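Enquirer: everything below, folded, please.
(2 chains)
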There are 2 protein chains.
Amino acid sequence: MKSEENDDIIMKAVSGGVTAARGFFASALKAGIKTSGNLDAGLIVSKTECSAAGAFTTNKVRASSVDWCEDALPGQSVRAVFCNSGNANACTGEQGSIDTCAIACSVAAAIDAAPKSVLIASTGVIGQFIPMNSVLPAITGLSRTLSPTGGTRFAQAIMTTDTRKKECAYEVYPGKKKYRIGGCAKGSGMIHPKMATMLAFVTTDAKINASLLDQVVKGVVDRTFNNLTVDGDTSTNDMVLVLANGLSGVSVKSLAHMARFESALFTVCNTLCRKIAEDGEGATKRVEVTVIGGKTYSDAKAAAKAIANSNLVKTALFGNDPNWGRILCAIGYSGADFSKEKLVVKLCGVPVCKNLRPVPFPVQKLREKLDRKVVAIDVDLGLGKHSAIAHTCDLTYDYIKINAEYHT
Amino acid sequence: MKSEENDDIIMKAVSGGVTAARGFFASALKAGIKTSGNLDAGLIVSKTECSAAGAFTTNKVRASSVDWCEDALPGQSVRAVFCNSGNANACTGEQGSIDTCAIACSVAAAIDAAPKSVLIASTGVIGQFIPMNSVLPAITGLSRTLSPTGGTRFAQAIMTTDTRKKECAYEVYPGKKKYRIGGCAKGSGMIHPKMATMLAFVTTDAKINASLLDQVVKGVVDRTFNNLTVDGDTSTNDMVLVLANGLSGVSVKSLAHMARFESALFTVCNTLCRKIAEDGEGATKRVEVTVIGGKTYSDAKAAAKAIANSNLVKTALFGNDPNWGRILCAIGYSGADFSKEKLVVKLCGVPVCKNLRPVPFPVQKLREKLDRKVVAIDVDLGLGKHSAIAHTCDLTYDYIKINAEYHT
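Expert: Alright, predicted model coming up:
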């Protein structure tokens, strides 16, 4: 996996989120879906038709917006993404599908495009019909306020229990010409009833064929968002959408270009994962679990996710407790193969366990290291060359508070 | 699944736990392994050789006691079970195996039996050598204080963060003769470092061949202890051991007898699961998830376990919040097949969702029902005849407190 630090890729961070790339416009407004009165509807529109691809929740209970997008993708002629917060339009039956279609048709009419070129995402309360008398009038306003610097407002409009917006963008120089890629996301936890929904939108002005894009997106999502966990629940509405309009003139076709594009998309998705993890419900710290030495990628991923999903590991980290026994336990039940002789576990860079046996370490110093905003857990399975990263946060009193005390 | 309420089985609760059945003796004492000074070593001995079988943790990181027992079982000539709390003797390498063997040899010498006829279980801190200078002297004391009413003290000696002992016993009348079956268990959460270890020991004076017993035990454990979750972690030391000494003279051979014996063992294990769930770390209530209508048993089990494992469901129940959306979400990602037209979800007997759509219910009344010691979640997948039960508890501030604030 390449990253922005590697020499062979020239890439720098820029501002603008989903409107950093050429030809993308965005807007957001208060449609009145959220009772809080905050921004709750957003629109991204590309000047020209985009290749687009997505990755979708594996939950069998899924919102009609997920079905709508999965049906349309991968596609070559996507123009827009509409997203509302405050209502997930999930478990709403036939009426829910009709409403999703009506929103797409309304956006399509406002921007002069075909309904199937409009992607829809929703997040919020489930089991309640989406208030169309709030949504439909908002669409006109959204289409009239589209701006080449509207990315940040869009990122705000998709927030639910998120305490801050999550966006990033990069400029990539694969040769003489450059392109941009940027994105935004919302993290886990809904205000009402607080279903842990994850949505991410990525735009780029690179030119790439939709089926190629689809392949790259599925691969990158599997190594990033699919290894992100706040509480292990997979929502009815999760999705990642990637749009490429080609307006930079840089075409991603050769294997070298592909690798660089994949690396850039990985960087965007990995950065958004970090931002979601650090803003996990009730989190006091972000946790990054890196597993190397796996015989297969599946093994490395299974071990990383088991550690990141363990309530016992996550409460220990909240307590700044260097409890490596819980990490070892999670590796053990993950099903991943490991070498009993070569297994190494490090906490904040400090080896705490080798060959399934304790390594003496300065307990008080390590506790101080654990009492920081970012904690690294590093595991070497000692068997092969495969690696995986999982993102999570600690499990705290505030997680319980947010999820138990806020009633439906 | 038959239970003690069915007419075709005559069964009554009796006292005595693991010493309820004829010919079983137990003892317990303070060996000095726990720093608290509480009971921390226990012994069960049968007057005669037993058929024995067990079920063991699937964690690849496992204590030497697990290897020792799995190697010995199923077996026809088991005489005793030694169990200590306060030290798991896990992640202790070669020395750990030597210590386990030394304990077995020492018990064997004290009761005049073969070392391989002694089963060993340990629970407590991992990564520390077991203090043999405390354990070995205790064995003589244990063998000298064996008593036909010692089951309760044994049940106390295996406790860690458990707030109360967990035991039960039944008298079964399959015909004119009767036999007894009883057991005890310890639940999730270790004092130090609080690894979630589950141990259960069951004794019976029924007569049953070891390989038949093994088959019954595996089946019952799969439907009971394997569907019990406090925080989803599987420990390095989990095990269930069942000993049958045949002293009742009732032989379990015919299919009818087998079914009754299986039913009795299920009742013991299910009762112990309930006791463990209601004493889960930080729990304010026990939650029993019953899934019916599964196309396969795997489907019913997957749905029940996904609900029982969901932090979102468990925090909602702590908050007395009838948040059926989270239950639906867990069913959705469990992978279980369900009928969109026939799915029904009930909370405390009140239908809250049918056909993936909300059912109106009296919110305040249901909140009051949720504010009780036992909460039932009932799901009908609407596809077939298979059912499964999962046991859990709510997720509370005290869970975080126990697991974050108590340092290793």
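
Enquirer: drop to CA atoms for contacts and neighbour counts, all remaining ones
Expert: OK.

Enquirer: near chain B, which residues of the stretch 201-350 of chain A? Just list them.
Expert: With Cα under 8 Å from any Cα of the partner chain as the criterion, the stretch 201-350 of chain A meets chain B at residues A:231-236, A:310-312, A:315-323, A:325-326, A:328-335.

Enquirer: one more pass at 10 Å, please.
Expert: With the criterion set to Cα under 10 Å from any Cα of the partner chain, the stretch 201-350 of chain A comes near chain B through A:230-237, A:306, A:309-326, A:328-338, A:340.

Enquirer: which of the residues you listed fall within helices?
Expert: Using DSSP state H, the members of these that fall within helices are A:306, A:309, A:311-318, A:324-326, A:328-334.

Enquirer: where does the stretch 101-250 of chain A have low pLDDT?
Expert: A:188-196, A:230-234 (pLDDT under 70).

Enquirer: same thing but 90
Expert: A:124-128, A:160-163, A:174-177, A:187-198, A:222, A:225-238 (pLDDT under 90).

Enquirer: report all helices and strands that the longest helix along chain A contacts.
Expert: Identified as the longest helix of chain A according to DSSP H is helix A:255-278. Secondary-structure packing of helix A:255-278 (3 or more Cα pairs under 10 Å, 6 or more residues apart in numbering or on different chains; DSSP states H and E): strand A:11-14, strand A:166-172, strand A:179-186, strand A:199-204, helix A:210-223, strand A:286-294, strand A:386-393.

Enquirer: let me have the ones you listed in JSON lines, adding mean neighbour count as columns.
Expert: JSON lines is the format used below for the helices and strands packed on helix A:255-278 (neighbours: other Cα atoms under 10 Å in any protein chain shown):
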{"stretch": "strand A:11-14", "mean neighbour count": "16"}
{"stretch": "strand A:166-172", "mean neighbour count": "24"}
{"stretch": "strand A:179-186", "mean neighbour count": "29"}
{"stretch": "strand A:199-204", "mean neighbour count": "26"}
{"stretch": "helix A:210-223", "mean neighbour count": "19"}
{"stretch": "strand A:286-294", "mean neighbour count": "24"}
{"stretch": "strand A:386-393", "mean neighbour count": "26"}
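
Enquirer: let's have these in TSV, adding distance to A:Val135.
Expert: Output for the helices and strands packed on helix A:255-278, formatted as TSV (distance: least, Cα to Cα, whole Å):
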stretch	distance to A:Val135
strand A:11-14	32
strand A:166-172	24
strand A:179-186	20
strand A:199-204	19
helix A:210-223	30
strand A:286-294	35
strand A:386-393	34
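
Enquirer: out of the ones you listed, flag the one nearest B:Lys47.
Expert: strand A:286-294 (49.7 Å; Cα to Cα).

Enquirer: tell me what the closest one is packed against?
Expert: Using 3+ Cα pairs under 10 Å, 6+ apart, strand A:286-294 is in contact with helix A:255-278, helix A:297-309, helix A:311-318, strand A:344-347, strand A:374-380, strand A:386-393.

Enquirer: any idea what the nearest residue to A:Ala300 once chain neighbours are set aside is bridged to?
Expert: Excluding its sequence neighbours, the residue lying closest to A:Ala300 (Cα to Cα, 6 or more residues apart in numbering or on different chains) is A:Gly294, at 4.9 Å. Per DSSP bridges, the residues bridged to A:Gly294 are A:His386.

Enquirer: and the pLDDT at A:Gly294?
Expert: pLDDT recorded at A:Gly294 is 97.

Enquirer: next one: phi and psi at the residue sitting furthest away from the middle of chain A?
Expert: Computed with Cα atoms, centre = their mean, the residue of chain A farthest from its C-alpha average is A:Pro360, at 37.6 Å. Torsion angles at A:Pro360 (phi, psi; degrees, to the nearest 10) stand at phi -60, psi 140.

Enquirer: just checking, it touches A:Lys346?
Expert: No. The pair A:Pro360 / A:Lys346 is not scored as a contact, 12.0 Å apart, by Cα atoms under 10 Å.

Enquirer: any residues in contact with both of the two?
Expert: By Cα atoms under 10 Å, 6 or more residues apart in numbering or on different chains, A:Pro360 and A:Lys346 have these common neighbours: A:352-353.

Enquirer: and the strand ranked longest in chain A with strand A:199-204, angle?
Expert: Taking DSSP state E as the criterion, chain A has its longest strand at strand A:41-56. Per axes from the mean of the first three to the mean of the last three Cα atoms, to 10 degrees, the angle that strand A:41-56 makes with strand A:199-204 is 90 degrees.

Enquirer: helix or strand next in line after strand A:41-56, which one?
Expert: Next along the chain after strand A:41-56, taking DSSP states H and E as the criterion, comes helix A:64-72.

Enquirer: before we move on, the earlier item: the helices and strands packed on strand A:286-294: which one's closest to A:Ser117?
Expert: Across these, A:Ser117 has its closest neighbour in helix A:255-278 (22.4 Å, Cα to Cα).

Enquirer: for that closest one, buried residues please.
Expert: Within helix A:255-278, the residues that qualify as buried by neighbour count (16 or more other Cα atoms under 10 Å in any protein chain shown) are A:258-278.

Enquirer: hang on, isn't A:Glu94 packed against B:Lys340?
Expert: No. A:Glu94 is beyond contact range of B:Lys340, at 11.9 Å (criterion: Cα under 10 Å).

Enquirer: contact partners for the residue lying closest to A:Lys340 once chain neighbours are set aside?
Expert: Distances taken as Cα to Cα, 6+ apart place A:Asn355 nearest to A:Lys340, at 5.2 Å, with adjacent residues excluded. Listed by Cα under 10 Å, 6+ apart, the contact partners of A:Asn355 are A:338-345, A:381-382, B:91-93.

Enquirer: likewise A:Val45?
Expert: Taking Cα under 10 Å, 6+ apart, one finds A:19, A:23-27, A:78-82, A:107, A:111, A:118, A:143, A:146-148 in contact with A:Val45.

Enquirer: A:Ala26: what secondary structure?
Expert: What DSSP: H, G, I helix; E, B strand; the rest coil gives for A:Ala26 is strand.

Enquirer: tell me how far it lies from A:Arg79.
Expert: From A:Ala26 over to A:Arg79 the distance is 12 Å, taken as Cα to Cα, to the nearest Å.

Enquirer: need the overlap of contacts for the two.
Expert: By Cα under 10 Å, 6+ apart, A:Ala26 and A:Arg79 have these common neighbours: A:44-46.

Enquirer: what is the nearest of those residues to B:Glu368?
Expert: Closest to B:Glu368, out of all of the shared contacts of A:Ala26 and A:Arg79 and judged by Cα to Cα, is A:Ile44, at 45.1 Å.

Enquirer: thank you kindly, that will do.
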